[in-house]
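**Q** Sequence plus predicted model, see below.
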Amino acid sequence: MRRVIAGLFLITSAFSLLAINPASAATPVIRITDKPHTGIDGKFLDNELATALLPDGKLGKLVSSFSNAPKTWVIDAALIAEVIDMSDGYSVDGKEDSDGEAAAKNWLARLTYSVGNSPVIALPYGNPDQSLAKRLAPSELNYYSAYAKEKLEVQLGRSVKTENGWSKGSSGLAYPLRSIYTSNRQALTGLSSLSTSDEIRDLRARLALLMNPELNRKEQSQFSYASVESVKKIMAKLRVSPGRYQLTSTSARLPVTLINDFDTPTVVSLSLTPQNSRMQVEDIEKIELAANSRQQLSIAVNVLAPGSTVVLAQFMNSKGQLVGEESKLDLNATIIDSRVAWFTTAAAILLFLGAVTQSVRRIRRGRK
């Protein structure tokens, strides 16, 4: 009897498993991912993607046939962005590839047809190593997911989901490159608190490509060091112009130029920090900068003692956090004490009167 009960239990368990797993077994997951084929600046580094998109290529095979069977599509929006760029015409090493352009157009059409109404999961933008990205900056991983969802919905013309756990692979990113990534991420995160420009948003998202598991060590290094230059360039678009100033009174006003080369307006505060106590200058809050503009401020300075002072000028966001690079304002004050000035003036007058007296005496002697 016990054997019969045990047998019935095993049969029941088997049917239970079959009842749970058919959905997963009958719903294959189609992953549309690849390593980045464009650099941090968006320019194509190679033409491997054109081959992968052909019907017999790595990515072409995934969309070459259509079936009514349910599927779940897991897609990297960064890869789709590269294919869209190809479909609009592109070049590698200065050479245009019309065949690659045609392959991209055909692949996008097949992708749209194959996906149909199936569920679509948007991977974090660039398909980064999710475990590593979460350790380095959990909030930034959330940004990559939100950005990817926004982009993929536009690319496919339909709604998609973002869920954790769909990423695969480990990037093995070296610690020095992790440090570079963190520095770049912090710079762009700070800049995004001052400006809503798409240039900043796009570059911030593209930093995730560094953690793509399919990049090799050499490609990781190239991408990392190129990203440093790109971040420097974009940070320089919102800056304080450095300058040298000569002050000759105890109170003066400095003409300082603020530059916003982004295509969106912004509101910033300006931190002004003298490096010694010879001069006093106050921070300025809530300065409105128009898009693509240069604005000159008149900043009040009080001179307490003659000599040189460097004032560090840097933008602040609404939370009082310093953002961007420091600019140096070199101030040199040559203030003369009022008593010395009176003495010098009086001496000059006396010398002048003495010279006049001598001239008069000479004239009189000449007449005699």
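**A** Thanks, I have the structure now. Numbering: from 1, shown residues only.
**Q** Which parts of this structure are helices?
**A** 2-20, 22-26, 48-52, 77-87, 98-115, 130-136, 138-156, 175-192, 198-206, 217-235, 338-367 (DSSP state H).
**Q** State the mean pLDDT of the second one.
**A** Spelled out, that is helix 22-26. For helix 22-26, the mean per-residue pLDDT is 41.
**Q** With adjacent residues omitted, what lies nearest to Val120?
**A** Leaving out its chain neighbours, the residue that sits closest to Val120 by CB to CB, 6 or more residues apart in numbering is Val160, at 4.2 Å. Backbone N, C-alpha and C define where each C-beta goes, glycine included.
**Q** Mind exporting the C-alpha coordinates of stretch 221-234 to CSV?
**A** Extracted C-alpha coordinates of stretch 221-234, given in CSV (Å, rounded to 0.1, in the frame of the first residue of the first chain):
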residue,chain,number,x,y,z
SER,A,221,40.9,50.0,-22.3
GLN,A,222,40.3,51.8,-25.6
PHE,A,223,36.7,52.6,-24.6
SER,A,224,37.7,53.8,-21.1
TYR,A,225,40.4,56.2,-22.2
ALA,A,226,38.3,57.6,-25.1
SER,A,227,35.5,58.2,-22.6
VAL,A,228,37.8,60.4,-20.5
GLU,A,229,38.3,62.8,-23.4
SER,A,230,34.6,62.8,-24.3
VAL,A,231,33.7,63.6,-20.7
LYS,A,232,36.3,66.5,-20.6
LYS,A,233,34.8,68.0,-23.8
ILE,A,234,31.2,67.9,-22.6
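**Q** can you list contacts of that stretch?
**A** Stretch 221-234 is contacted from outside by 36, 39-41, 177, 180-181, 184, 187-188, 191, 199-200, 203, 206-207, 209-210, 215, using CB atoms under 8 Å, 6 or more residues apart in numbering.
**Q** if we go to 7 Å?
**A** With CB atoms under 7 Å, 6 or more residues apart in numbering as the test, stretch 221-234 has contacts from 39-41, 177, 180-181, 184, 187-188, 199-200, 203, 207, 209-210, 215.
**Q** Tyr125 contacts Ala78, doesn't it?
**A** Yes. Taking CB atoms under 7 Å as the definition, Tyr125 is a contact partner of Ala78 at 5.3 Å.
**Q** nearest to Glu288, of the contacts of stretch 221-234?
**A** Ile200 (18.6 Å; CB to CB).
**Q** Now do the same contact list for the closest one.
**A** Contacts of Ile200 (CB under 7 Å, 6+ apart): 188, 191-192, 234.
**Q** For those residues, give me JSON lines that also has pLDDT.
**A** Listed next are the contacts of Ile200 as JSON lines, based on pLDDT from 0 to 100:
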{"residue": "Leu188", "pLDDT": "96"}
{"residue": "Leu191", "pLDDT": "96"}
{"residue": "Ser192", "pLDDT": "96"}
{"residue": "Ile234", "pLDDT": "96"}
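**Q** could you dump those residues to JSON lines with neighbour count?
**A** Formatted as JSON lines, the contacts of Ile200 follow (neighbours: other CB atoms under 10 Å):
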{"residue": "Leu188", "neighbour count": "22"}
{"residue": "Leu191", "neighbour count": "24"}
{"residue": "Ser192", "neighbour count": "17"}
{"residue": "Ile234", "neighbour count": "21"}
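**Q** now those residues as JSON lines including distance to Glu285?
**A** Shown next, in JSON lines, are those (distance: CB to CB, whole Å):
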{"residue": "Leu188", "distance to Glu285": "24"}
{"residue": "Leu191", "distance to Glu285": "19"}
{"residue": "Ser192", "distance to Glu285": "20"}
{"residue": "Ile234", "distance to Glu285": "25"}
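**Q** And the furthest pair within the residues you listed?
**A** Greatest spacing in the contacts of Ile200, by CB to CB: Ser192 and Ile234 (10.5 Å).
**Q** Quick check: end-to-end length of stretch 43-61?
**A** End-to-end distance for stretch 43-61: 26 Å, by CA to CA, to the nearest Å.
**Q** mean confidence score for stretch 205-222?
**A** Averaging pLDDT along stretch 205-222 gives 96.
**Q** Thr27: neighbour count?
**A** 13 (other CB atoms under 10 Å).
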